[in-house]
Structures are given as C-alpha cells and as structure tokens.
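Asks: pasting the sequence and the predicted model now:
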Amino acid sequence: RKEVEQDPGPFNVPEGATVAFNCTYSNSASQSFFWYRQDCRKEPKLLMSVYSSGNEDGRFTAQLNRASQYISLLIRDSKLSDSATYLCVVTGNTGNQFYFGTGTSLTVIP
Amino acid sequence: DGGITQSPKYLFRKEGQNVTLSCEQNLNHDAMYWYRQDPGQGLRLIYYSQIVNDFQKGDIAEGYSVSREKKESFPLTVTSAQKNPTAFYLCASSVTGAGNTIYFGEGSWLTVV
C-alpha cells in the first residue's frame, strides 16, 4: 500500500469555482502534513502546512482528519493562475522522511 | 539569496557514461535529499542524508551514488548501471525533526542520447 494516495484528476473547473482535493495516508503515526504546488516542469513549492485545527490562507483552506487519515485542500474562487499540480506530502514517524502523493492536476478554464 | 542551487539545469548523457548532478544549499539544513520524477508520476526518493558523512538509500538507489562531505553539498552521480536515467532530478533539504518543511532546488533535467 502506498504511503500517500491522491486522485490524479485532472480537475477542469471554470474560473470562480470552488474545488476540493483529498489525500489519504497510511501511517497513523505520521507527524506533519503539507500541500505543495508544482507548476509544469518546475520544482514543488510549499503551499501550506496542514494542522489538526485546520488552517486558511486567503482562498485556500487545508484540513487534517487524523481519525480517518486524510487531508484536504479547498480552493475557493479559482483563478487561472491556480492551474498546477497539487501534491500532498506527509512525513513519517520522526518527521525526517517525506512521502509524496502523485499529485492532482488542476486546470482552471476561462 | 538563501536557497538550493542545482546544476546543470539540463544535461545530456551518452549511454555508458557517468554524470554528476550538483546540489548546494546555504540554508544551514542538516538533511538533504535526492528525488527522481518521471512524467506524470510522483517523486521517488533516491538517497537522503541527515548528517555529514552519512547517507541512506531511498526507494530507487540502484544505479546512483552520493556523497556528503560537506553540510552544504550533496552531489548525485548517475552511473552507467542506471538503465533508464532520463528524468527530472530534484534536490531538497530540510531541518531535521517534526514539523519542518522540505525545500527544493529548481531541478535538473537529464536526458540519455
């Protein structure tokens, strides 16, 4: 079983739409959780960390559900510039190992 | 500027050749990593190092070698034993311990010709 699983999509949504991605992880002892954004042919960049209490950064909201072992990312009022691949990242027991999902592709359509 | 520098950005290798990808960081991070990404696929860990002069194999270490002689540097050698080396290679670093994020260099594109 993979450490982290994501729906690869693609998700094609119109501008202004709300879109949500989920990611499940297998290790109940995982320490930390993140969403990264990767543009085509570029390196992944940190979008936001994910906390049990949930956190919000502008149009982006991330949530963690430890009981069900999944994290989510909600993007409101989608912009063309949100088009990218979104990677779910989970650390191991000690926080020194990072496990990446395969990414969910989002295209925002004018 | 603080960050991770990878070079070269693009590299072409003839079959049977070894090539070395450079990775330098000035973030004072203890841990460094090498990942490989193939088109449409996720990142796969090749090697990682949490301290100078020590490193561990990741999931796909065969055909690769690394060294960690300095905290700032973690070069990756793609040897001729790696049968399908064409890919996007990403170097990363992080502070060790829970809650810390991982940062990436801009990546190196390796193509076998």
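Replies: Now that the structure is in, tell me what you want to look at.

Asks: tell me what the residue nearest the centre of chain B is bridged to.
Replies: Centroid check for chain B by C-alpha atoms, centre = their mean gives residue B:34 as the closest residue, at 2.9 Å. Beta bridges link residue B:34 to residue B:47, residue B:91, judged by DSSP bridges.

Asks: just the pLDDT at it, thanks.
Replies: The model reports residue B:34 with a pLDDT of 98.

Asks: OK, contacts around it?
Replies: B:21, B:23, B:45-48, B:58, B:64, B:66, B:74, B:76, B:89-92 (C-beta atoms under 8 Å, 6 or more residues apart in numbering or on different chains). Where you see a C-beta, it was placed from the backbone N, CA and C, and this is true even at glycine.

Asks: where does pLDDT dip in the chain?
Replies: No chain was given, so I picked chain A. Applying pLDDT under 70 to chain A flags residues A:95.

Asks: not quite, go with chain B.
Replies: B:1-2, B:98.

Asks: and if we set it to 80?
Replies: Scanning chain B for pLDDT under 80 picks out the ranges B:1-2, B:40, B:97-99.

Asks: ok, the contacts of residue B:34 vs residue A:38, which is closest?
Replies: Closest approach to residue A:38 among the contacts of residue B:34 (C-beta to C-beta): residue B:90, at 9.8 Å.

Asks: quick one on the thing from earlier: give me the buried entries from the contacts of residue B:34.
Replies: Using 16 or more other C-beta atoms under 10 Å in any protein chain shown as the burial test, the contacts of residue B:34 include B:21, B:23, B:45-48, B:58, B:64, B:66, B:74, B:76, B:89-92 as buried.

Asks: tell me which of the residues you listed is nearest to chain A?
Replies: Minimum distance to chain A across the buried ones among the contacts of residue B:34 is 5.8 Å, recorded for residue B:90 (C-beta to the nearest C-beta).

Asks: look up how far residue B:106 lies from residue A:42.
Replies: Per C-beta to C-beta, to the nearest Å, residue A:42 is found 7 Å from residue B:106.

Asks: right, I'll call it a day here.
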